[in-house]
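Peer 1: Next input, structure requested:
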Amino acid sequence: MSTSPRGAAGVMRDAGKTAGMATGVAVLAAITGWLVGGAISSLSGNQNEKWILARSAGITAYALLVALVLVGLILAHPRRAQIRWPSPTTRIRLHIGLTAFTLVFTVLHIVVLAMDSYAGVGWKGALLPLGSVYRPMPVTLGLLGFYSGLAAGLTALVSSRITFRAWLPIHRVAIVSLVLIWTHGLLAGSDTPALLFMYLISGAVVVGVAVSRYTAVSPRDEKAELIKSEVIKQRTGPRTASEYAGGLPR
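Peer 2: Numbering: from 1, shown residues only. As a prediction, the model looks like this:
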């Protein structure tokens with residue numbers, strides 16, 4: 001079975017985009033490894049090197065999670081068809097890539113904190129609610145945010161095996177995960193005053209996009225509402241002259 005020139009061009013274009021995305025992820029991974037390695041080298045001998053590394057990984061994971069949720073909201077936005085760039089395929093690939101990087105930096109954050117005696121979290125606090133000696137409630141909020149985000153990510157992996165009605169509500173827990181982690185970042189970090197502007201701006205942006213996503217009306221809904229109004233007009237018929245004049249027909 002032969003492939004038309006247009007079909008072949010489409011395959012080549014998709015292959016090029018996939019290769020570009022893979023190259024981008026590889027470059028980001030290399031930069032990430034270089035930055036983490038450089039941070040470890042520069043902090044070598046510092047008494048608080050593990051805490052600083054864990055905090056840096058946590059802030060990076062938070063920034064990636066914000067981007068992840070924003071891309072997810074755009075993917076589900078009723079007006080997403082009006083967004084020309086990037087393409088829907090690229091958005092999905094970006095969503096997947098952000099998920100992987102968010103998970104990597106979150107795990108790094110948790111593991112380093114669990115291994116750092118100075119942090120006062122330990123493995124118990126890193127894995128069990130209220131198990132941390134240091135600020136148990138804020139740390140627990142972060143842990144619950146991690147578990148809820150993990151549940152949302154796992155449902156995406158099995159989305160082709162379960163019904164959309166069962167998958168979507170669980171996947172929407174991702175925004176709950178962001179709220180929990182946002183609160184965790186505000187309450188758990190000793191350097192929160194220096195990062196307060198970042199938390200407020202990022203939170204406001206997510207709220208704004210979320211409100212737009214859940215209040216916007218899709219073109220399909222607008223068309224359905226127009227058809228519904230036309231049907232009602234046809235069923236009720238035109239008003240009589242006396243009704244227009246304010247009287248009742250005799």
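
Peer 1: okay, CA-based contacts and neighbour counts for the rest of this
Peer 2: Fine.

Peer 1: so which strand or helix has Val209?
Peer 2: helix 192-215 (DSSP states H and E).

Peer 1: residues in contact with that helix?
Peer 2: Val66, Val69, Leu70, Leu73, Ile74, Ala76, His77, Pro78, Trp182, Gly185, Leu186 (CA atoms under 8 Å, 6 or more residues apart in numbering).

Peer 1: Kindly recompute the last result at 6 Å.
Peer 2: His77, Leu186 (CA atoms under 6 Å, 6 or more residues apart in numbering).

Peer 1: Could you do stretch 91-110 as well?
Peer 2: Ala54, Ala57, Gly58, Ala61, Leu64, Leu65, Leu68.

Peer 1: Can you report how many residues lie near Pro169?
Peer 2: 12 (other CA atoms under 10 Å).

Peer 1: Can you give me the separation between it and Leu113?
Peer 2: Distance from Pro169 to Leu113, counting by CA to CA, to the nearest Å: 31 Å.

Peer 1: can you check Thr140 too?
Peer 2: 13 Å.

Peer 1: Kindly report the same for Ser202.
Peer 2: With CA to CA as the criterion, Ser202 and Leu113 are 24 Å apart.

Peer 1: between those two, which one's more packed in?
Peer 2: Leu113 (25 against 16).

Peer 1: To which secondary structure element type does the more buried one belong?
Peer 2: helix (DSSP: H, G, I helix; E, B strand; the rest coil).

Peer 1: Please identify which helix or strand holds Arg84.
Peer 2: Here Arg84 is assigned to no helix or strand, by DSSP H and E.

Peer 1: What does the pLDDT read for it?
Peer 2: Arg84 is assigned a predicted lDDT (pLDDT) of 71.

Peer 1: what's the answer for Pro78, then?
Peer 2: 70.

Peer 1: lowest confidence element among the helices and strands of this structure?
Peer 2: When the helices and strands of the chain are scored by mean pLDDT, DSSP states H and E, helix 241-244 comes last with a mean of 45.

Peer 1: And for the residue lying closest to Pro129 once chain neighbours are set aside, the neighbour number?
Peer 2: Spatial nearest neighbour of Pro129, chain neighbours left out: Thr140 (4.9 Å); criterion: CA to CA, 6 or more residues apart in numbering. Neighbour count for Thr140, taken as other CA under 10 Å: 23.

Peer 1: Helix, strand, or coil at the closest residue to Ala216 other than its chain neighbours?
Peer 2: Spatially, and ignoring its direct neighbours in sequence, Ala216 is nearest to Pro78 (6.3 Å; CA to CA, 6+ apart). The three-state assignment at Pro78 reads coil, by three-state DSSP.

Peer 1: and Pro78, backbone torsions?
Peer 2: Main-chain torsions, Pro78, degrees, to the nearest 10: phi -60, psi -30.

Peer 1: Next one: it from Ala194, what distance?
Peer 2: Distance from Pro78 to Ala194, by CA to CA: 37 Å.

Peer 1: Who has more neighbours out of the two?
Peer 2: More neighbours surround Pro78 than the other of Pro78 and Ala194, with 19 against 9 (other CA under 10 Å).

Peer 1: That'll do, ta.
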